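Undergrad: how would this look folded up:
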Amino acid sequence: MPKTILLVHHSTKWTPNVEISIASKSEEEYYEDQLIDEDIKVYLDGSAVDGGVGGGAVLMDREEVLRERRFYLGSDKDHTAYEGEVVGMILVVQLIKEELKERGGQQLTMALGVDN
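TA: Residues are numbered from 1 along each chain as shown. Next up is the predicted model:
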């Protein structure tokens, strides 16, 4: 039997409840990260290092790593660091889906750390 997916509609005047913070220095990033009081924190990155390209993601509860994923794309002759960043984005979505499923669909607040 096909699964029914309910659509979400918002008014064109809808404003999401999202706070964006961009630190200008590494020290500010660290300080802001310590102040986060969300249910979970997720971080992602992609890069090209030593001739290889890949991405990774981690999901945390306070200072505890709950889940993490990495994926190696291949040589930097065939892939770019930007592709690695996209892989990190896909991986972080997988981690969030897994965590929500484990918690029975419970609504969570989340902080997302990304460098691009």
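Undergrad: Skipping its backbone neighbours, what lies nearest the residue positioned nearest the centre of the chain in space?
TA: In the chain, the C-alpha nearest the mean C-alpha coordinate belongs to V92, at 4.0 Å (CA atoms, centre = their mean). Setting aside the residues directly before and after it, V92 is nearest to A57 in space (CB to CB, 6 or more residues apart in numbering), at 3.9 Å. To be clear about C-beta, it is placed using only N, CA and C from the backbone, and glycine gets the same treatment.
Undergrad: list the contacts for the one you found?
TA: V42, Y43, L44, D45, E68, R69, G88, L91, V92, Q94, L95 (CB atoms under 8 Å, 6 or more residues apart in numbering).
Undergrad: Go through those and name the one nearest E19.
TA: Nearest to E19 among the contacts of A57 is V42, at 15.2 Å by CB to CB.
Undergrad: Strands of this structure, start to end?
TA: All strands of the chain, identified by DSSP state E, fall at 40-49, 52-61, 64-75, 110-113.
Undergrad: what does the shortest one contact?
TA: When you say that, I think you mean strand 110-113. Contact partners of strand 110-113, identified using CB under 8 Å, 6+ apart, comprise D33, I36, E38, D39, I40, K41, V42, Y43, L44, V92, I96.
Undergrad: Let me see the mean pLDDT of that strand.
TA: Averaging pLDDT along strand 110-113 yields 90.
Undergrad: so how far is it off the chain centroid?
TA: Relative to the chain's own centre, strand 110-113 is displaced by 7 Å; criterion: CA atoms, centre = their mean, to the nearest Å.
Undergrad: One more: the first one?
TA: The gap between the average C-alpha position of strand 40-49 and the chain average comes to 7 Å, counting by CA atoms, centre = their mean.
Undergrad: now that strand against strand 52-61, angle please.
TA: Between strand 40-49 and strand 52-61, the angle comes out at 170 degrees (axes from the mean of the first three to the mean of the last three CA atoms, to 10 degrees).
Undergrad: Perfect, that will be all.
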